[in-house]
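Student: Could you look at this predicted model? Sequence included:
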Amino acid sequence: MHISIFKKFLLLYIFVGCIGFILISNICYSLDYRAIIESKTEQMYNQAVSISKDYASTYFSDEKIRLIRSEMITVASASGERIMFIDTDGNILMDTSRDITGQNSVRLNDFDYTRSGSRYSQSGRFFDYFSEDMLSVMAPITNAYTVKGYVAIHIPLGTLRSQVYTTFNTNYVTFIIMMMLILLFVAFYFIMIHRPLKAIIKGVDEYSKGNLDYRIDLAPGDELHRLGASLNYMSSEINEMDKFQQKFISNISHDFRSPLTSIKGYLEAMSDGTIPPELHQKYIGIVLFETERLTKLTNNLLTLNDLDPKSVRLNYSDFDINDVIRHTIETFEGVCTEKKITFKLTFSSRQLMVHADMEKIQQVVYNLVDNAVKFSHPDSFIAISTTTKNGRAFISVKDNGIGIPKDDLKKIWERFYKTDNSRGRDKKGSGLGLAIVREIIQTHGERIDVISTEGVGTEFVFSLKTPKSTSSS
């Protein structure tokens, strides 16, 4: 059975309310009742002791009893108590609530002052004299070191219980205020936590159903908003990745299907005699060209897979980047001679040592030079320069070709991306060269930038660590 956190809080609130009510109704009542009884008992005993001292030698005559009774009635009415004088035999000589004089005296049944033991108070009917339970306190009256009688003060227990209920009602009011504050906390929880959590859960459910365009809308300012924003960002990234995957599959299918279709068509034409034997050599060259496209595309895909940041391992070494550039441009001698393209090398020093994976940096230089050669105009030059600054080497490859449209600059690093010009000029291109370049440079912890003006040319600049900067860090 699924129970939400809010329902759990609500059940906890009800449980705390019930337990609190039971505690107040029982434990708190008992504590308050005991405290009032003890306080009232001590007060009444002190009063009884004071009376016994004041009237110890004078209360025995009837005349004195009448005078004392008038004073005691005043004292008793002010405090809601009942005061008695009792002799040692249990005869009530004076009662503020009853006129007892001479022959009208009343004797208590089985009167025994020592019945209370070490305590000076008792609760009950006071030797069956009262018809209701009373709190009774007695103090001995002594004269010449002899006990002559006792002062007894009584108050109905019902009166004391009324006082307890007065305090007890205050406890209930406090409890109600506390429960209202807790209820306010539950309300705040519902508004500030429960509703945002429900919105987040709904968003996650939508994402699980594939609705990655769903957005979690939360008020800003707290951790839940940041969580919602993170989930929105995550969904948008996954959505973009999904679109990229679809685009990736579409592009790779297109780039594989085109050469395969050509190869299959030409081979079938040669096999069934559509292409005469004297032209076989020409079309075999075309088939080899298409095969080379497939091989390059496959190799580039394997290279990108090997450049996964989570698993790639770089083989660092110190090598001369100027020497790598020289050897790389030698591989383009044939195509550059055909297009009458020359290289202009500008090195800040005869030798520039860098600390990197030599094989992968060779591929970076090759891809950038290959890209520059493809898009350079005939009878132009490609400028390559190396410089150092702040312990890093900077390598620049600049062509004087067609340039890159401004809207395409941010897209050139995407896998399989080709501008329209690229598709027109580069039939062998896979759209993976620059993606490989960026992956390699970023794997080294460095960066690569591009500056391009359409119709003027393009310059790529990337950085590498030098051995000195590596040792200092």
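Tutor: That came through fine.

Student: ranges for the strands of the protein?
Tutor: Read by DSSP state E, the chain holds these strands, from start to end of the chain: 82-87, 91-95, 106-107, 121-124, 134-143, 146-156, 316-320, 342-347, 353-357, 381-389, 392-398, 448-453, 457-465.

Student: Could I get the ones you listed in CSV, plus columns for distance to Ile436?
Tutor: Just so you know, the C-beta spots here come from the backbone N, C-alpha and C atoms, and that holds for glycine as well. As requested, these are exported to CSV (distance: least, C-beta to C-beta, whole Å):
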stretch, distance to Ile436
strand 82-87, 107
strand 91-95, 114
strand 106-107, 118
strand 121-124, 98
strand 134-143, 98
strand 146-156, 100
strand 316-320, 19
strand 342-347, 22
strand 353-357, 13
strand 381-389, 19
strand 392-398, 15
strand 448-453, 11
strand 457-465, 13
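
Student: Just the helices from the stretch 101-250 of the chain, written as ranges.
Tutor: Under the criterion DSSP state H, counting those that start in this stretch, helices of the stretch 101-250 of the chain are mapped to 157-189, 195-208, 223-271.

Student: Tabulate those helices (a markdown table), appending mean pLDDT, mean neighbour count and distance to Leu12.
Tutor: Rendered in a markdown table, the data for these read as follows (pLDDT from 0 to 100; neighbours: other C-beta atoms under 10 Å; distance: least, C-beta to C-beta, whole Å):
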| stretch | mean pLDDT | mean neighbour count | distance to Leu12 |
| --- | --- | --- | --- |
| helix 157-189 | 77 | 13 | 9 |
| helix 195-208 | 83 | 15 | 17 |
| helix 223-271 | 77 | 14 | 21 |
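
Student: hey, which of the strands of the chain is tucked in deepest?
Tutor: Taking mean count of other C-beta atoms under 10 Å as the contact definition, the stretch among the strands of the chain with the greatest mean neighbour count is strand 82-87, which reaches a mean of 23.

Student: Next, the angle strand 91-95 makes with it.
Tutor: Interaxial angle, strand 82-87 versus strand 91-95 (axes from the mean of the first three to the mean of the last three C-alpha atoms, to 10 degrees): 150 degrees.

Student: Contacts only, for the residue nearest to Lys339 when sequence neighbours are not counted.
Tutor: With sequence-adjacent residues excluded and distances taken as C-beta to C-beta, 6 or more residues apart in numbering, Lys339 is closest to Pro378, at 4.8 Å. Pro378 makes contact with 339-341, according to C-beta atoms under 8 Å, 6 or more residues apart in numbering.

Student: Lys7 is nearest to which of the strands of the chain?
Tutor: Go through these one by one with C-beta to C-beta and the one that ends up closest to Lys7 is strand 121-124, at 48.1 Å.

Student: so what secondary structure elements neighbour that closest one?
Tutor: Other helices and strands packing on strand 121-124, by 3 or more C-beta pairs under 8 Å, 6 or more residues apart in numbering; DSSP states H and E, are helix 29-54, strand 134-143.

Student: Relative to the whole chain's centre, how far out is it?
Tutor: Centre-to-centre, strand 121-124 and its host chain are 62 Å apart (C-alpha atoms, centre = their mean, to the nearest Å).

Student: Give me the mean pLDDT for that strand.
Tutor: Confidence for strand 121-124, expressed as mean pLDDT, is 87.

Student: List the pairing partners of it within its sheet, with orientation.
Tutor: Using DSSP bridges, the neighbouring strands of strand 121-124 in the sheet come out as strand 134-143 (antiparallel).

Student: hmm, back to that, and the helices of the stretch 101-250 of the chain: which comes nearest Ser348?
Tutor: Sorting the helices of the stretch 101-250 of the chain by C-beta to C-beta, the top spot, which is the nearest, belongs to helix 223-271 at 39.3 Å.

Student: how far off helix 195-208 does the closest one point, in degrees?
Tutor: Going by the same axes, to 10 degrees, helix 223-271 is angled at 10 degrees with respect to helix 195-208.

Student: Thanks a lot, see you next time.
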